[in-house]
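Student: Here's my sequence, what's the structure:
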Amino acid sequence: MSQSISKILTMPPSDAVVSVRGWVRTKRASKNVSFIALNDGSTIRNLQLVVDLDKGYEGITEEVMVKVTTGASLRASGKLVASQGSGQAVELLCETISVEGVADPEEYPLQPKKHSLEFLREIGHLRFRTNVFGAILRVRHAMTFAIHKFFNDLGFFNIHSPIITGSDCEGAGEMFRVTTLPEKDPPLREDGSVDYSEDFFGKATNLTVSGQLEAELAAMALGKVYTFGPTFRAENSNTSRHLAEFWMIEPEVAFADLKDNMDLAEGFLKYLIGYALEHCVDDLDFLSKRYAEENKLKPQAEREEMTLLEKLEFVRDNSFERITYTQAIDILMECAPNKKKKFQYPVDRWGIDLQSEHERYLVEKHFKKPVIVTDYPRENKAFYMRVNPDGKTVAAMDILVPGVGEIIGGSQREERFEILKERAAEFKIPEESIWWYLDIRKYGTVVHSGFGLGFERLLMFITGMGNVRDVSPFPRTPKSAEF
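Tutor: Numbering: from 1, shown residues only. Got it, this is the predicted structure:
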C-alpha cells in the first residue's frame, strides 16, 4: 500500500520497499539518471525520486520516462536512502514506475514557473495543484478541525442551522430568493405582487445570511452551542473582501454577558492561531515568505510592518486591550493622522462608523496590541443587541487585529421582550416574521451572548492572502459560479 509523502519524509533510510503515488511537479535529467519531484498533496514538500535507467529495472524504460512530464500522475516504489542533494533528508531510488495519467506538456497550463493569482483564478479546477493553494487548503482544513475541537473541548454542542430561511437576521436585505414558482407567469395577487403562498414553503424564503437567531433558540435549552456553516449575501460587490457564499462560525451562550463573550472570543482566536502555528509549520513558512515578497512590491506607505508570522504571534501572545467606542472616538479625534487629515474618512464626531483605517490605527499604532471595542451607538448595530442603560449604546463588541481591522463581531443579546419588540420596529422588521425569536424572551428568558467569525476572513488573516477569492476552494462572486 502506498504511503503519503508527508509520512515518507519523516522516515529514516531503509532497505524496505516504499510505495508512493502523486503528481509530477518537475523532472530533470542527467545522462541516464532522472530526478523527479513528486507531490501528493499531503504536504507542501516534494519527494525526490531518482530513476537510473542503467539499473535495468523491469518497466523503467525510455518509453515510460518520456511520459513523465509536469502534471503527470504516477506510482513508484523503491528504497528510501539518504539524499545526496540539498533540500531533503531522504529520496526514493526507484525500482518500479507506472504512469497513471499523462499531461501533454504543450497544453498543461501549470508549468514549473510562478503564475499570477489572477491567472490561477481562471483555471480554478487546476489551481489546487500549486504550492500556494495546496498550502491554503491544508490550513483551511486544520482550522476547520481546530474550530470543532475548541468548542467540543469546552462542552459546546454543534447546531446545524437552516440554510433556507424565512427570516433576515440582519434586517439588511440583499438575500438570495429560493422558490419553485415558474419563471414565466408566476401566481400573482390582486395588487400584481407574486403570491408566495403558492410557493413550495407557502411563503417567501431565502438563503440564510446567518445562523445566529436559530442558534439562540438552541442555546436556551442546551446552554452552549455553535453553528459552522455556509451563509449567503446577494451583494453585487466585486471587492477583494466580498463573497456571495461564505462560511460563518457563530457561538451562542446562555447566562453569559458581554465580558464572558469577550473572554470566549479572545480565547477562541488565540487558540486557532496557536493551532495553526503548531500544526501548519511548513505551509505557514511558505506563505510567510510569499507574504514578504508581496509586501516588498507595495508602495512604501502601504507596506506592513510585521511579517505574517509576527502578526500571528502578535495576536496569540498579547492580551487584548478593551475600550469603549466612545474612548476609541476620543483617541482617533486627537491622533496625528486625523488632525493632519491623513485618514480617508475623517473622525469628526461621535456616532460615525469606524473604518478599517481607524481600527488598524488603534491596533498597530496606538495600543500596539489587539483591541476589543465595545458599546457602539445603537443606530449603528443590529436590532438584537442589548440596549445599554444609557439608551444611546448597545452591548456590542468587535475584535480588531493588525492588517485587517475587525475580525470578530458580537454582542450581548437583548433578552427583554418589550425592548426587543421596540428594536425590531425601529428596523421595520415585522413581528410576524420573528415571532419565534420574540417568544423565547417570554418563556424563561436569560442573559445570553454570542459572536460571529467569518471563516474566510480568518483564513485571509492566517495565510496573509489579500483576496478572499483565494482562500475559498470555489469562490462565488457576481457573474461567477463555475463548477
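Student: which residues of this structure fall in helices?
Tutor: In the chain, the helices defined using DSSP state H lie at 5-8, 62-66, 117-122, 131-153, 212-222, 258-279, 281-296, 308-317, 325-334, 336-339, 356-360, 417-426, 435-439, 455-463.
Student: And for the longest one, what's in contact with it?
Tutor: Read it as helix 131-153. 39, 41, 44, 117, 120, 127-128, 158, 224, 226, 228, 249, 251, 268, 271-272, 275-276, 279-280, 283-284, 286-287, 290, 455, 458-459, 462-463, 465, 470-471, 473 (C-beta atoms under 8 Å, 6 or more residues apart in numbering). Any C-beta I mention is one placed from the backbone N, CA and C, and that applies to glycine too.
Student: buried subset of those?
Tutor: For these, a neighbour count by 16 or more other C-beta atoms under 10 Å gives the buried set as 39, 44, 117, 120, 127, 224, 226, 228, 249, 251, 268, 271-272, 275-276, 280, 283-284, 286-287, 290, 455, 458-459, 462-463, 465, 470-471.
Student: From what I see, Asp54 and Asn32 are in contact.
Tutor: Yes - using C-beta atoms under 8 Å, Asp54 is in contact with Asn32, at 5.0 Å.
Student: who has more neighbours, these two?
Tutor: Ranked by neighbour count (other C-beta atoms under 10 Å), Asp54 and Asn32 place Asn32 first, with 12 against 8.
Student: Need phi/psi at that one.
Tutor: Main-chain torsions, Asn32, degrees, to the nearest 10: phi -100, psi 10.
Student: can you tell me which residues contact it?
Tutor: Here Asn32 is in contact with 52-54 (criterion: C-beta under 8 Å, 6+ apart).
Student: I'd like to know which of those residues is nearest to Ser356.
Tutor: Using C-beta to C-beta, Asp52 is the member of these that lies nearest Ser356, at 56.9 Å.
Student: Tell me the predicted confidence for the closest one.
Tutor: pLDDT for Asp52: 93.
Student: With the one 4 residues further on instead?
Tutor: According to the prediction, Gly56 has pLDDT 81.
Student: same thing with Ala172?
Tutor: 52.
Student: And for the one 5 residues further on?
Tutor: On the pLDDT scale, Arg177 is placed at 93.
Student: Then Ser433?
Tutor: On the pLDDT scale, Ser433 gets 86.
Student: now the one 3 residues further on
Tutor: At Trp436, the model reports a pLDDT of 95.
Student: Quick one: neighbours of it, just the number.
Tutor: Here the number of neighbours of Trp436 (other C-beta under 10 Å) works out to 11.
Student: quick thing: my sequence starts at 44, can you match it?
Tutor: Noted, 44 is the first residue going forward, which turns the last one into Trp479.
Student: what about it, distance to Val111?
Tutor: Trp479 sits 62 Å away from Val111, going by C-beta to C-beta, to the nearest Å.
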